[in-house]
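*Asks:* build me a structure from this.
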Amino acid sequence: MSATDMNMMSRIIFYEDRNFQGRSYECSSDCADMSSYMSRCHSCRVERGCFMVYDRTNYMGNQYFMRRGEYADYMSMFGWSDCIRSCRMIPMHRGSYRMRIYERENFGGQMYEMMDDCDNIMDRYRMSNCMSCHVMDGHWLMYEQPHYRGRMMYMRPGEYRSFSNMGMGHMRFMSMRRIMDSFYH
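*Replies:* Sure thing, here's the model as predicted:
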């Protein structure tokens, strides 16, 4: 199956209540504001593909990566106090991965080019902070703590001059992981 076929088949189903109860809303693409479809969302099921879910509209606020599986009570699982308000379908990427990370905003300070996962930028690059990046190839998850822990942010190809201007406050990223095609199965 090609990456295009897999992207077209992505599907997540949101439920108003825990344990897949109440009204549901099915989604297979980006949705910037789920409030027009349901007033609350407390569980979901990813049938195909990968998605980022957000606790604020317009892909803002806390975010969490979801791959195929059932999330009967995601709020307690993620430690969230609010419901999913928006979601973004993550397209499958086949090919190389490349990202430049920078110590300071606006691509300032030390720069390192990454082509694979990094569980700790301090250990690998002696870099104490990552405040901007340029994703050239692939889709990535960036985490605020080493070893892929803590809050995360989805990065698709593009230039990110300032993470603090992206609705994440002064969050700093300490580890990065590629979203591989194996995540889709």
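
*Asks:* okay, CA-based contacts and neighbour counts for the rest of this
*Replies:* Noted.

*Asks:* neighbours of the nearest residue to residue 177 once chain neighbours are set aside, how many?
*Replies:* Closest residue in space to residue 177, ignoring its immediate chain neighbours: residue 117 at 4.5 Å, by CA to CA, 6 or more residues apart in numbering. For residue 117, the neighbour count with other CA atoms under 10 Å is 16.

*Asks:* again, but for the one 4 residues further on
*Replies:* Using other CA under 10 Å as the criterion, residue 121 is surrounded by 21 other residues.

*Asks:* does it touch residue 113 like I think?
*Replies:* No. Using CA atoms under 8 Å, residue 121 makes no contact with residue 113, being 11.5 Å away.

*Asks:* so in terms of bridging, what pairs with the most centrally placed residue in the chain?
*Replies:* When CA atoms, centre = their mean is applied to the chain, the residue found nearest the centroid is residue 154 (3.3 Å). Under DSSP bridges, the beta-bridge partners of residue 154 are residue 141.

*Asks:* what sits against it?
*Replies:* In this structure, residue 154 makes contact with 52, 63, 65, 139, 140, 141, 142, judged by CA atoms under 8 Å, 6 or more residues apart in numbering.

*Asks:* try 7 Å
*Replies:* 140, 141, 142 (CA atoms under 7 Å, 6 or more residues apart in numbering).

*Asks:* I'd like those as CSV, with pLDDT appended.
*Replies:* Converted to CSV, the contacts of residue 154 look like this (pLDDT from 0 to 100):
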residue, pLDDT
140, 97
141, 96
142, 95
